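# With the sequence up front, the predicted model follows.
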Amino acid sequence: EDDELLPLEEAESVLAKDATMPEDWQQLAKAGGGIRQGVLMKFLALAKAGGLMGYLVTKFPVLRDRLIADERFLFKVFTEVFIDSGCATFAEVKKRGDVFWDEFEFYLSDLVVGIFLDIALVTLLAPTCVAGASHVVKASKATKGFAKYSAAFMKMRSKLPSAVFEKSIKGVRVYTPQQRAIAFFYKGFEYAAVGFACGLVGQSMANTAMIAKRAYNKSKRASEGADVATGVATGLLAAGGDASSADLANSLVPDEVPVPPLFRTACVWALFMGLSSNARYQAVFGLERIVEGTVLAKKMPLIANVATVCIRFANNIYGGEQFIDMARWAGIQ
């Protein structure tokens, strides 16, 4: 709804001693119009909550703006994180079957990267509040070169919805079908970029752990195998046979799956995030919005929470299986 715009001085008096006006909001108010009363009151309620929540809201605009726009934002983040860990394990065991423990490093790699991505998946699509006048965009002094094009891009980006199915608000932000279509591809690019970065970091960590584990196991097996092989060779020679203790020792070491290629794995994560995750989470956002808009869910918020858990549970199961298929198709697993 189109809230009344309060001048900066009046907005600061509303906050009084309970909270300090955020610096970026001060700039918006000075740029024109003021601060929206409804947004200001929601910020005040969050700040007065005290404890960790109050601290985070006042220190991190990324969290503040999303909690004001969607009070269930943190619930969705935590739901995604908790469900993903369980669903990833379920999907991996189902797909890998009897070789799950033989491919445990792959499972661990997927899980580590997945945890890093969960927060990004929810945050990138979460709507943000409009604190100032809808036509006001953060001012930029850039007039030439790369900075000029960067400022133009940010201005264009500010007109796009956070998600394809984000609700238009009359007088504040109204999205056209063209803007929604552009947002879908733009979010796909963002998801791909995050997927590549997390895939690179996560797989590096997993590969390091795999190599260290194998080096330790190889050293341990070599020590144990040498003793066994010496005894076996002695018995064979006594029986008139011929054998090399080194060959026998090596035969006792089971074949290991190769360490996943780092760059290719990161590219697979980028492809998976840009295509599969983007499409699926856009659908999740839309379904959650439908449920949240029902009269029953507005009267009983628990219904919306249950729906979120069910929708995200089904999405994680399907997404986990899709990733394994894509990873095997790409030859990284």
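Here it is on my side, so go on.

# what's the next secondary structure element after the lowest-mean-pLDDT helix or strand in the chain?
In the chain, no helix or strand scores lower on mean pLDDT, DSSP states H and E than helix 245-251, which sits at a mean of 46. Using DSSP states H and E, the next helix or strand after helix 245-251 towards the C-terminus is helix 262-272.

# Give me the pLDDT for Lys141.
The model reports Lys141 with a pLDDT of 52.

# for Val136, that is, sorry about that
If you check Val136, the pLDDT there is 59.

# ok, now how distant is Leu63 from Gly286?
Leu63 sits 23 Å away from Gly286, going by C-beta to C-beta, to the nearest Å. Placement of C-beta: from N, CA and C, glycine included.

# so where's this protein uncertain?
1-2, 106, 134-145, 225-257 (pLDDT under 70).

# and the direction of the longest helix anywhere in it versus that of helix 262-272, what angle?
Counting by DSSP state H, the longest helix found in the chain is helix 177-238. On the basis of axes from the mean of the first three to the mean of the last three C-alpha atoms, to 10 degrees, helix 177-238 is oriented at 140 degrees to helix 262-272.

# and helix 177-238, what does it pack onto?
When contacts are defined as 3 or more C-beta pairs under 8 Å, 6 or more residues apart in numbering; DSSP states H and E, helix 177-238 packs onto helix 104-125, helix 245-251, helix 262-272, helix 278-292.

# These: which one's closest to Leu46?
Nearest to Leu46, of all the helices and strands packed on helix 177-238, is helix 104-125, at 17.0 Å by C-beta to C-beta.

# following that closest one, which helix or strand comes up?
Next element after helix 104-125 (DSSP H and E): helix 145-158.

# Show me how far stretch 71-90 is from its chain's centre.
Here stretch 71-90 is found 10 Å from its chain centre; the criterion is C-alpha atoms, centre = their mean, to the nearest Å.

# so how far is Val268 from Phe90?
The gap separating Phe90 from Val268 is 21 Å, by C-beta to C-beta.

# who's more crowded, those two?
Val268 (24 against 15; other C-beta atoms under 10 Å).

# got the CA positions of stretch 283-302 in CSV?
Written as CSV, here are the backbone C-alpha positions of stretch 283-302 (Å, rounded to 0.1, in the frame of the first residue of the first chain):
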residue,chain,number,x,y,z
ALA,A,283,7.9,-21.6,-8.9
VAL,A,284,8.4,-22.0,-5.1
PHE,A,285,8.1,-18.2,-4.7
GLY,A,286,4.9,-18.1,-6.7
LEU,A,287,3.3,-21.0,-4.8
GLU,A,288,4.2,-19.5,-1.5
ARG,A,289,2.7,-16.2,-2.6
ILE,A,290,-0.6,-17.9,-3.6
VAL,A,291,-0.9,-19.5,-0.2
GLU,A,292,0.1,-16.4,1.7
GLY,A,293,-2.6,-14.4,-0.1
THR,A,294,-5.5,-16.7,1.0
VAL,A,295,-7.9,-15.6,3.6
LEU,A,296,-7.2,-18.7,5.7
ALA,A,297,-3.5,-18.2,5.7
LYS,A,298,-3.9,-14.6,6.8
LYS,A,299,-6.0,-15.7,9.7
MET,A,300,-3.8,-18.6,10.6
PRO,A,301,-0.1,-17.9,9.7
LEU,A,302,0.7,-21.5,10.6
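
# buried residues in it?
284-285, 287-289, 291-292, 297 (16 or more other C-beta atoms under 10 Å).

# got it, and stretch 312-330?
For stretch 312-330, a neighbour-count test (16+ other C-beta under 10 Å) marks 312-313, 315-317, 319-324, 326-327 as buried.

# ok, now stretch 19-29?
Buried residues in stretch 19-29, counted by 16+ other C-beta under 10 Å: 19, 21-22, 25, 28-29.

# Same check on stretch 34-54?
Result for stretch 34-54 [16+ other C-beta under 10 Å]: buried residues 34-36, 39-40, 42-43, 46-47.

# Could you identify the pair within these that is furthest apart?
Going by C-beta to C-beta, the pair spanning these furthest: Gly34 and Leu46, at 19.8 Å.

# any idea how far Phe196 lies from Trp269?
According to C-beta to C-beta, Phe196 and Trp269 sit 6 Å apart.

# So which of those two has more stuff around it?
More neighbours surround Trp269 than the other of Phe196 and Trp269, with 30 against 20 (other C-beta under 10 Å).

# ok, so what distance separates that one from Ala197?
9 Å.

# contacting residues for Cys198?
With contacts defined as C-beta atoms under 8 Å, 6 or more residues apart in numbering, the neighbours of Cys198 are 113, 116-117, 120, 269.
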